[in-house]
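1. here is my input, please return the structure:
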Amino acid sequence: MTSIEAVLAAGIVHLFLRFALYIDPKTKLVTPGPELPTYIVYVALLALIHDTRILPRKFNYMSPIFKCICETIVAIFLLEISMLVFWRSIEHSIYLGVKFVLLYFKIVSPETYANHETLMIGAFTFPLAAVLLFMVLQVHAEHAARSSE
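-> Coordinates of the predicted model:
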């Protein structure tokens, strides 16, 4: 398991400071929609990183401070890849798909879509993010049950 300190440090860097070390955030896709699904995915990824060994076992014999620094760097890198590349791409694909289907098939008028775009995009990204969090929490519960046996 990754130390809670490393996971919290990586979470603070991304959630609160909006800082990226490896990937230039200027290249991210602009997707209208609520931020709540993104935060839910952040929490799911932090829980997944915490539940996973991200460093080789030989780091167990190193200084705890050095190990925590290494875990923090790797956790930040994993969060950047996961959020800025994968989640943003999925979110943008959902946005394009929803916009195309709703407007092309005239399910809603362009005016209605423009007025409620954030709500409509959130109606698809929020359940996906919630399912992802639920799946990660299930894995975490199974892992905790196995380790307590």
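
2. Y42 and L133, how far apart?
-> 10 Å (C-beta to C-beta, to the nearest Å). All C-beta spots, glycine's among them, are computed from the backbone N, C-alpha and C.

3. actually F77, not the one I typed
-> From F77 across to L133, the span is 21 Å (C-beta to C-beta).

4. for T118, give me its contacts.
-> By C-beta atoms under 8 Å, 6 or more residues apart in numbering, T118 lies in contact with P32, G33, P34.

5. what helix or strand is it on?
-> helix 117-148 (DSSP states H and E).

6. now that helix: average pLDDT?
-> The average pLDDT for helix 117-148 rounds to 93.

7. report the buried residues of that helix.
-> Within helix 117-148, the residues scored as buried using 16 or more other C-beta atoms under 10 Å are E117, M120, I121, G122, F124, T125, L128, A129, L132, L133, V136.

8. repeat for stretch 71-87
-> 71-76, 78-80, 82-84, 87.

9. where in the chain is pLDDT low?
-> Applying pLDDT under 70 to the chain flags the ranges 18-29.

10. now the helices: where do they sit in it?
-> 4-11, 36-50, 64-80, 88-104, 110-115, 117-148 (DSSP state H).

11. that older thread, buried among the contacts of T118? Make that a PyMOL selection.
-> Filtering the contacts of T118 down to the buried ones (16+ other C-beta under 10 Å) takes a single PyMOL command:
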select buried, resi 33
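
12. would you list the contacts of T118 in JSON lines and tack on distance to S3?
-> As requested, the contacts of T118 are exported to JSON lines (distance: C-beta to C-beta, whole Å):
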{"residue": "P32", "distance to S3": "37"}
{"residue": "G33", "distance to S3": "33"}
{"residue": "P34", "distance to S3": "31"}
